[in-house]
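# Sequence and predicted structure, then a few things I'm wondering about:
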Amino acid sequence: MDAAEFRKRGKEMVDYIADYYEQLENRQVYPDVEPGYLRPLIPDAAPQEPESFEDVLKDIGRIIMPGVTHWHSPYFFAYFPTASSFPGLLADMLSGGIGCVGFSWAASPACTELETVMLDWLGKMINLPEEFLASKDGEGGGVIQGTASEATLVMLLAARTKTIRRVQSEHPELAMGDVMSRLVAYASDQAHSSVEKAALIGGVKIKNIPSDDKFAVRGSALQDALQEDRAAGLIPFFVIQFCATLGTTSCCSFDKLLELGPICNKENIWMHVDAAYAGSAFICPEFQHLLNGVEFADSFNFNPHKWLLVNFDCSAMWVKKRSDLTNAFKLDPLYLQHSHQESGLVTDYRHWQIPLGRRFRSLKMWFVFRMYGVKGLQEYIRKHVKLAHEFENLVLQDKRFEICAEVTLGLVCFRLKGSSELNEALLKSINDARKIHLVPCHLREKFVLRFAICSRTVESVHVQLAWQHISKLATDLLKAQEQEQQQ
């Protein structure tokens, strides 16, 4: 494919994507395929001779689309949003076209410098404390990671390194293995599974702190856990990190940073704040109070690729002291060195992450922030929150149902009053019908349905139709259950 054909096929692909979005509402949101459906539809090996673009495009419709879950459908209410916008798509195209690998400033100065500035822009948009920004002479700064899971792991490893070095300076008699065996991290019992996975990878024990009746961790619960562990006195341990969550995956609850932060600071515990979904809402002044207490944190992360119209992947992570991060990951083989690295004026992002390579992802932020403006992004967030409350009100009007957690942003947790088995059957009937798509969670011992406002194109009419569908399926299910009991 030469440049002339690329121009032609590129325009065709843009048309294909635009058509896809315009017709998305009419597609079945969840695919009707069985595991292994795809392999019989394609050859066992790659073709020896080139094939035409027309044939490839035809097979997208024949082979790929039947197996796609349409995350951007206005009838997709599962998980959390995954962002998509036309400015973001255009920036992704440009990023792929430039094709740089920005592991250091010298590898592509614009790639590094735009990322630094975009993370400062975004930090200011959510009113993040100044210490987290790179600014001109700051000690902190931001970086784009692939996902919040990746950010959690990176920060746990940084906290581990910092703690080991501190402990060995205070207890030189302890070998590395002795220290490693005594490391402990804490997290909420509502924390994302990626926190436990990070501890597993990092070779660190993890202990869950019980949340309160609103599924939030309070300072008293963390204090109690620390005292209990010390009182046990079995072996000394060193707490390296507490991972607090703003907007938990199950029900979008918020840990109490104002209570937890001072404890972490006093106990010399690294506090990482994971706001993967909820963080985008902090661009709206009315939600910024949910961030109160972040000033006590050592690091903070959220995903613009969830709810801020920046296409996947783009997870924004900030640290108060970048040296705490780079000290854990810095290696400088000769082939990666460059003449400006000792000047103090440049950032080499390979020291801020696990991979070496990295794409020009800040272009997506730059395009989206400029073409929507802060006001446009705020309107988008507020629209989703309004739709969530609309759905909440519909649930509350039906006495057969209950709301299971406070609705703060764009997630509604609800269920039929009754057994978990009843709600499992309801969810199965919802997803088997394939008109809308939901996923569940467990809140305490209850099986709960999650209704997340996800799509960029979702409107009130889609929420209303979704509720009508759920309500009808609930009626059918309860009627069938009643008939069974009568028999």
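Structure received. Residues are numbered from 1 along each chain as shown.
# How far away from the center of its chain is the strand or helix carrying V395?
Element membership for V395, per DSSP states H and E: helix 362-396. Mean-position distance between helix 362-396 and its chain equals 16 Å (C-alpha atoms, centre = their mean, to the nearest Å).
# Give me the buried positions along that helix.
By neighbour count on 16 or more other C-beta atoms under 10 Å, the buried set for helix 362-396 is 362-369, 372, 377-378, 380-381, 383-385, 387-388, 391-392, 394-395. C-betas here are computed from N, CA, C, even on glycine.
# which helices and strands sit right next to it?
helix 86-98, helix 109-125, helix 304-307, strand 401-403, strand 411-416, helix 460-486 (3 or more C-beta pairs under 8 Å, 6 or more residues apart in numbering; DSSP states H and E).
# C-terminal to the lowest-mean-pLDDT helix or strand in the chain, what's the next element?
Within the chain, no helix or strand scores below strand 238-245, which has a mean of 78 by mean pLDDT, DSSP states H and E. Sequence order places helix 257-266 as the next helix or strand after strand 238-245, per DSSP H and E.
# Dump the C-alpha coordinates for that following helix into CSV.
Only the C-alpha atoms of helix 257-266 are listed here, as CSV (Å, rounded to 0.1, in the frame of the first residue of the first chain):
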residue,chain,number,x,y,z
LEU,A,257,-9.1,10.4,52.8
LEU,A,258,-9.4,13.2,55.4
GLU,A,259,-9.3,10.5,58.1
LEU,A,260,-6.9,8.0,56.5
GLY,A,261,-4.4,10.5,55.2
PRO,A,262,-3.1,11.8,58.6
ILE,A,263,-2.7,8.3,59.9
CYS,A,264,-0.7,7.3,56.8
ASN,A,265,1.5,10.3,57.2
LYS,A,266,2.1,9.8,60.9
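# Can you name the residues in contact with it?
Here helix 257-266 makes contact (C-beta atoms under 8 Å, 6 or more residues apart in numbering) with 217-220, 222-223, 226, 242, 244, 246, 269-271, 273, 291-297.
# Please identify the most buried of the helices and strands packed on helix 362-396.
Most buried of those, by mean neighbour count (mean count of other C-beta atoms under 10 Å): helix 304-307, with a mean of 28.
# so how far is that helix off the chain centroid?
What separates the centre of helix 304-307 from the centre of its chain is 7 Å, taken as C-alpha atoms, centre = their mean.
# now stretch 48-65
Between the centre of stretch 48-65 and the centre of its chain there are 33 Å (C-alpha atoms, centre = their mean).
# can you check stretch 133-143 too?
23 Å.
# Correct me if wrong, but A158 is in a helix.
Yes - assigned with DSSP: H, G, I helix; E, B strand; the rest coil, A158 falls within a helix.
# Provide the secondary structure category for the nearest residue to it once chain neighbours are set aside.
Nearest in space to A158, with sequence neighbours left out and distances taken as C-beta to C-beta, 6 or more residues apart in numbering, is A328 at 4.4 Å. Under three-state DSSP, A328 falls in the helix class.
# roughly how far apart are A328 and H171?
Using C-beta to C-beta, to the nearest Å, A328 is found at 20 Å from H171.
# per-residue pLDDT, the most centrally placed residue in the chain?
Most central in the chain under C-alpha atoms, centre = their mean is A276, positioned 3.9 Å from the mean C-alpha point. With respect to pLDDT, A276 scores 93.
# Quick check: closest non-adjacent residue to it.
In this structure, A276 finds its nearest non-sequential neighbour in A148, 3.7 Å apart by C-beta to C-beta, 6+ apart.
# My guess is the one you found contacts K197. True?
No - with contact defined as C-beta atoms under 8 Å, A148 does not reach K197; the gap is 11.6 Å.
# the more surrounded of those two?
Using other C-beta atoms under 10 Å as the criterion, A148 and K197 rank with A148 on top: 25 against 15.
# how close does H305 sit to E259?
To E259, H305 is 30 Å away according to C-beta to C-beta.
# L396 touches I403, doesn't it?
Yes - between L396 and I403 there is a contact at 6.4 Å, judged by C-beta under 8 Å.
# mind listing what A159 touches?
Going by C-beta under 8 Å, 6+ apart, A159 touches A185, I240, Q241, W270, H272, D298.
# okay, and for the stretch 1-150 of the chain, where does confidence drop off?
Applying pLDDT under 70 to the stretch 1-150 of the chain picks out residues 136-137.
# Break down it into its strands, ranges please.
Along the stretch 1-150 of the chain, the segments classed as strands by DSSP state E, counting those that start in this stretch run 141-145.
# do the stretch 151-300 of the chain as well
Assigned by DSSP E, counting those that start in this stretch, the stretch 151-300 of the chain shows strands spanning 183-188, 205-209, 238-245, 270-274, 299-302.
# how about those in JSON lines, adding mean neighbour count and distance to R450?
As requested, the strands of the stretch 151-300 of the chain are exported to JSON lines (neighbours: other C-beta atoms under 10 Å; distance: least, C-beta to C-beta, whole Å):
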{"stretch": "strand 183-188", "mean neighbour count": "24", "distance to R450": "18"}
{"stretch": "strand 205-209", "mean neighbour count": "18", "distance to R450": "21"}
{"stretch": "strand 238-245", "mean neighbour count": "28", "distance to R450": "16"}
{"stretch": "strand 270-274", "mean neighbour count": "27", "distance to R450": "18"}
{"stretch": "strand 299-302", "mean neighbour count": "29", "distance to R450": "19"}
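# between the ones you listed, which gets nearest to K417?
strand 183-188 (27.0 Å; C-beta to C-beta).
# What strands flank the closest one, and is each parallel or antiparallel?
strand 205-209 (parallel), strand 238-245 (parallel) (DSSP bridges).
# Reformat the ones you listed as JSON lines; add distance to I283.
As requested, the strands paired with strand 183-188 are exported to JSON lines (distance: least, C-beta to C-beta, whole Å):
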{"stretch": "strand 205-209", "distance to I283": "29"}
{"stretch": "strand 238-245", "distance to I283": "19"}
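# And those strands: which comes nearest I63?
strand 238-245 (39.1 Å).
# which residues of the stretch 351-487 of the chain score low on pLDDT?
If you take pLDDT under 70 as the line, the stretch 351-487 of the chain has no such spans.
# mind running it again at 80?
484-487 (pLDDT under 80).
# The stretch 151-300 of the chain now?
For the stretch 151-300 of the chain, applying pLDDT under 80 flags the ranges 229-241.
# Tell me who's in contact with V374.
M125, I283.
# hmm, I was thinking of T152
Neighbour list for T152: H192, S194, V195, A198, C243, H272, D274, N301 [criterion: C-beta under 8 Å, 6+ apart].
# out of everything not next to it in sequence, what's closest to it?
Distances taken as C-beta to C-beta, 6+ apart put A198 closest to T152, at 4.8 Å, once the chain neighbours are dropped.
# give me the number of residues near the one you found?
A198: 27 surrounding residues under other C-beta under 10 Å.
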